[in-house]
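Engineer: Okay, predicted coordinates and the sequence, questions at the end:
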Amino acid sequence: MRRRSAEDELAMRGFLQEGDLISAEVQAVFSDGAVSLHTRSLKYGKLGQGVLVQVSPSLVKRQKTHFHDLPCGASVILGNNGFIWIYPTPEHKEEDAGGFIANLEPVSLADREVISRLRNCIVSLVTQRMMLYDTSILYCYEASLPHPIKDILKPEIMEEIVLETRQRLLEQEG
């Protein structure tokens, strides 16, 4: 939707309210601090069921794409602002539906466990000051699989899985 008139602004309230989490592209930042956002692609819009992790923006690797479907069954949006959204990968992409579809279906236990594991892996990588991008997150996820989800944040396990992640990334580069 475009905001061209007061009626357009009111119509947007049917989709969005203050406090909603959204995915959008920053078009412009004005001197008074106001921002202009794009949600013109179907991949942008209101965020549904998932987990938000906030990290230092300096740890998010700049990439052409911020949307990543991981083979573990979850997807991540890596925002340059340090906001990371982790959510279940949709079974079918809703290309024709638009970005403002509210999925209120219960999230399966398996999906919640994958999301929790990914969240703990991201926290582990951040604690060890590693750059966050799709490959580093996936390698850390795979390194964490032998451990219970709650144990990933124990310092000795965190160190072990991040070390394994570092080694895999170095092998990939070299």
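Structural biologist: Received, thanks.
Engineer: Please report phi then psi for the nearest residue to V107 once chain neighbours are set aside.
Structural biologist: Nearest non-adjacent residue to V107, counting by Cβ to Cβ, 6 or more residues apart in numbering: Q49, 5.3 Å away. The way it works is simple: take the backbone N, C-alpha and C, and place the C-beta from them, glycine included. With angles defined as degrees, to the nearest 10, Q49 sits at phi -80, psi 130.
Engineer: Can you show me the strands along the protein?
Structural biologist: Listed in chain order, the strands of the chain (DSSP state E) span 22-23, 25-29, 35-38, 45-46, 51-54, 67-69, 74-78, 83-88.
Engineer: Give me whichever of those strands is most buried.
Structural biologist: strand 74-78 (a mean of 23; mean count of other Cβ atoms under 10 Å).
Engineer: Run through the neighbouring helices and strands of that strand.
Structural biologist: With contacts defined as 3 or more Cβ pairs under 8 Å, 6 or more residues apart in numbering; DSSP states H and E, strand 74-78 has these neighbours: strand 67-69, strand 83-88, helix 109-127, helix 134-144.
Engineer: contact partners of the second one?
Structural biologist: By that I understand strand 83-88. 21, 23, 47-55, 60, 73-79, 107-108, 111, 114-115, 118-119, 122, 132 (Cβ atoms under 8 Å, 6 or more residues apart in numbering).
Engineer: list the buried ones in stretch 50-63?
Structural biologist: Residues 50-51, 53, 55, 59-60 are the ones in stretch 50-63 that count as buried (16 or more other Cβ atoms under 10 Å).
Engineer: Ok, which of the strands of the chain comes nearest Q172?
Structural biologist: Of all those, it is strand 67-69 that lies closest to Q172, at 16.3 Å by Cβ to Cβ.
Engineer: So what are the sheet partners of the closest one and their directions?
Structural biologist: Here strand 67-69 is paired, per DSSP bridges, with strand 74-78 (antiparallel).
Engineer: Pull the partner strand out as CSV, backbone CA atoms only.
Structural biologist: Extracted C-alpha coordinates of strand 74-78, given in CSV (Å, rounded to 0.1, in the frame of the first residue of the first chain):
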residue,chain,number,x,y,z
ALA,A,74,13.6,-22.5,9.9
SER,A,75,14.2,-19.2,8.2
VAL,A,76,16.1,-16.1,9.4
ILE,A,77,15.9,-12.5,8.5
LEU,A,78,19.2,-10.8,9.3
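Engineer: Show me what the mean pLDDT comes to for it.
Structural biologist: Strand 74-78 shows a mean pLDDT of 94.
Engineer: That strand: how far from the chain's middle?
Structural biologist: Taking Cα atoms, centre = their mean, to the nearest Å, one finds strand 74-78 lying 4 Å from the centre of the chain it belongs to.
Engineer: before we move on, what about stretch 81-95?
Structural biologist: Distance, centroid of stretch 81-95 to centroid of chain: 7 Å (Cα atoms, centre = their mean).
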